[in-house]
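> What shape does this take:
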Amino acid sequence: DYTLFLTLSINACVIAVTSALIAWRARRATGILSLAWFLAANAGYLFFIILELLEPSMRGTFFFAQVGFAISTLMPVAWLAFTLEYNGVEKWFNQRHIAPLFILPAISILLVLTNDFHGLIWKDYVFGGADGLLMLKVKEYGAWGYVNFAYNYLLYLSGAVMTVGHFLRTKHQHRKQSRWVVAGVLLPLAINCLYLLQIFPKVTKDFSPIGFTMGGVLFAVGIFRYRLLDLMPLARAGLIDRLREGVVVLNRSGRIVDANPAARRMLAYSAENLIGLPVRYVIPGWMDRPTRPGRDARFETSLPSRDGERQYDIQVLYLEDRTVLLQGSLLVLRDVTEQKKLVKELESMARIDPLTGIFNRRTLLEQAHYEVERGNHKQHPMAVLLLDLDNFKKINDTHGHLAGDRVMKELATRLKVTLNEDDLLARFGGDEFIV
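Residues are numbered from 1 along each chain as shown. Next up is the predicted model:
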């Protein structure tokens, strides 16, 4: 299986380098830098495995095996750093906590490069191979070799447990996308377990490095095609889900990556159908709204509902990283339909006479001033007619104020029917009307 392993290693190395370069170009996004370093380290490990196989001399083969082993000690730290960021454990992802993780790998690198003097990494080894390929075969590991393996598996398994645990806790609407990172985490560990348990006895090579490349490719597919890192766990309390206001999280591309139950009710979408949609499909006229970062924005819009259109006040909060690079947006939706109705009623009360339903004195004076200015400007003639009811007091005194009110309403109704649409009718006060 040496020729097969060499062929797969070359292809995996090319894929790992390509994926690392793609990830490096997007390194400013959360979690991408750690993934780029992991893919780069894996590519380096595969590169020296290839050189180890192709090198004809035992001395050169041993040197390339040393360098490959040294690079492989860095992969678990990069792996754990990526899974910490993915799972939202930001309090552990900082220089103060990550730097100590490199202490054991640094010791392992020093010991493997000086292994001939102490045998603490490889206590006994031979050179073997087939098809003209030569490779170092370890017959017995030294004491520190076992420490290195235990440490590597601890970091790999820690990342895997955190990721699988997060997947099981993730709401159903996110699992479709999250499965890519779970597959990327479990695939290389499964391949390594098959090798350790000798499930396939004829396979004498550990294909784990190729498995890690395949896992990295699954990460890359999720990131750049399915927006995997848009699903970074939101460090939100359960309070967000209980808010009456709708909360929607957008990524840099304007796609919805999370929404609380109130937002889903307002937008009339199920969780499964809402996640991943461009916001412009959900909020009409979104492309006409202010979307430039730098300061928050606010606007109003209407959305359909079962009982007709409802009005919403939407506040846009731009989410930036420490380099002021836009990472996404947070939308806060408030239903202001009832407030709008109340404001409209108050405005109507301020302009309309409550008894007759025609303009009141205040509106009359405002409109009259405007009409006079317009008439003077366009040289249009205009007329003002003042009306009042004769003996109106007798009606109130004889039949009561309710009867007087009915007379006032009837007069206003007859005047509105008689006048043209462009004419202005208002109650000036008491029983006086102005046309």
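> hey, let's count contacts and neighbours off CA atoms from now on
OK.
> distance of residue 119 from residue 353?
Counting by C-alpha to C-alpha, to the nearest Å, the gap between residue 119 and residue 353 amounts to 100 Å.
> tell me the strands in the stretch 201-350 of the chain, going along the chain?
246-251, 256-259, 297-303, 310-320, 326-335 (DSSP state E, counting those that start in this stretch).
> Out of those, which gets nearest to residue 344?
With C-alpha to C-alpha as the criterion, residue 344 lies closest to strand 310-320 of those, at 12.9 Å.
> For the closest one, enumerate the helices and strands it packs against.
Packed against strand 310-320 by the contact rule (3 or more C-alpha pairs under 8 Å, 6 or more residues apart in numbering; DSSP states H and E) you find strand 297-303, strand 326-335, helix 337-351.
> Any idea how far that strand is from the middle of the chain?
For strand 310-320, the separation from the chain centroid amounts to 15 Å (computed by C-alpha atoms, centre = their mean, to the nearest Å).
> Please save the CA atoms from that strand in PDB.
Provided in PDB are the C-alpha atoms of strand 310-320 (Å, rounded to 0.1, in the frame of the first residue of the first chain):
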ATOM      1  CA  ARG A 310     -48.100  45.600  10.400                       C
ATOM      2  CA  GLN A 311     -45.600  48.400  10.900                       C
ATOM      3  CA  TYR A 312     -42.100  47.700  12.300                       C
ATOM      4  CA  ASP A 313     -39.300  49.900  13.500                       C
ATOM      5  CA  ILE A 314     -36.000  48.200  12.600                       C
ATOM      6  CA  GLN A 315     -32.700  49.200  14.200                       C
ATOM      7  CA  VAL A 316     -29.500  48.100  12.500                       C
ATOM      8  CA  LEU A 317     -26.500  47.500  14.700                       C
ATOM      9  CA  TYR A 318     -23.200  46.900  12.800                       C
ATOM     10  CA  LEU A 319     -20.900  44.300  14.300                       C
ATOM     11  CA  GLU A 320     -17.200  45.100  13.800                       C
END
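> let's have the chain start at 24 instead
New numbering, starting at 24: the last item is strand 333-343.
> how about the helix or strand where residue 388 lies: buried residues?
Here residue 388, judged by DSSP states H and E, is contained in helix 384-401. By neighbour count with 16 or more other C-alpha atoms under 10 Å, helix 384-401 contains the buried residues 384-387.
> so which of those would you say is closest to residue 341?
When the buried residues of helix 384-401 are compared for distance to residue 341 (C-alpha to C-alpha), residue 386 comes out closest, at 42.6 Å.
> List the contacts of stretch 122-136.
Residues from elsewhere that reach stretch 122-136 (C-alpha atoms under 8 Å, 6 or more residues apart in numbering): 89-90, 92-94, 96-97, 100, 143-145, 167-168, 171, 174.
> By neighbour count, which of those wins?
Within these, most neighbours by other C-alpha atoms under 10 Å means residue 144, with 26 neighbours.
> and residue 74, which of the strands of the stretch 224-373 of the chain is closest to it?
Nearest to residue 74 among these is strand 349-358; the distance by C-alpha to C-alpha comes to 40.9 Å.
> can you state the direction angle for that closest one and strand 320-326?
50 degrees (axes from the mean of the first three to the mean of the last three C-alpha atoms, to 10 degrees).
> picking up where we left off before, out of the helices and strands packed on strand 333-343, name the one with the poorest average pLDDT.
Within these, confidence is poorest for helix 360-374, with a mean of 78 (mean pLDDT).
> Could you list the paired strands of the host helix or strand of residue 148 along with their orientation?
For residue 148, the host element (DSSP H and E) is strand 145-151. In the sheet containing strand 145-151, the strands it pairs with under DSSP bridges are strand 158-164 (antiparallel).
> distance between the partner strand and the chain's centre?
Strand 158-164 has its average C-alpha position 47 Å from the chain's average C-alpha position, going by C-alpha atoms, centre = their mean.
> Any buried residues in the helix or strand just after that strand, and which?
Toward the C-terminus, strand 158-164 is succeeded by helix 166-192 as the next helix or strand (DSSP H and E). Within helix 166-192, the residues scored as buried using 16+ other C-alpha under 10 Å are 167-168, 171, 174-175, 178-187, 189-190.
> Over to stretch 333-346?
So, applying 16+ other C-alpha under 10 Å, buried residues of stretch 333-346: 333-342.
> on that earlier part again, got the angle for the strand holding residue 148 vs helix 166-192?
Using the same axes, to 10 degrees, one finds that strand 145-151 and helix 166-192 are set 90 degrees apart in direction.
> tell me the average confidence for strand 145-151?
On average, the pLDDT along strand 145-151 is 88.
> who's in contact with that strand?
Looking at strand 145-151 with C-alpha under 8 Å, 6+ apart, the contacting residues turn out to be 81, 135, 138, 157-165, 168.
> Below-threshold pLDDT in the chain: ranges please.
In the prediction, the chain carries residues with pLDDT under 70 at positions 24, 50-54, 110-118, 153-154, 192-201, 218-229, 243-263, 308, 310-319, 343-350.
> related to what we said a few turns ago, of the buried residues of helix 384-401, closest to residue 45?
residue 386 (65.9 Å).
> Quick check: the gap between the closest one and residue 435.
When distances are taken as C-alpha to C-alpha, residue 386 and residue 435 turn out to be 16 Å apart.
> got it, and residue 171?
Here the criterion is C-alpha to C-alpha. By it, residue 171 lies 95 Å from residue 435.
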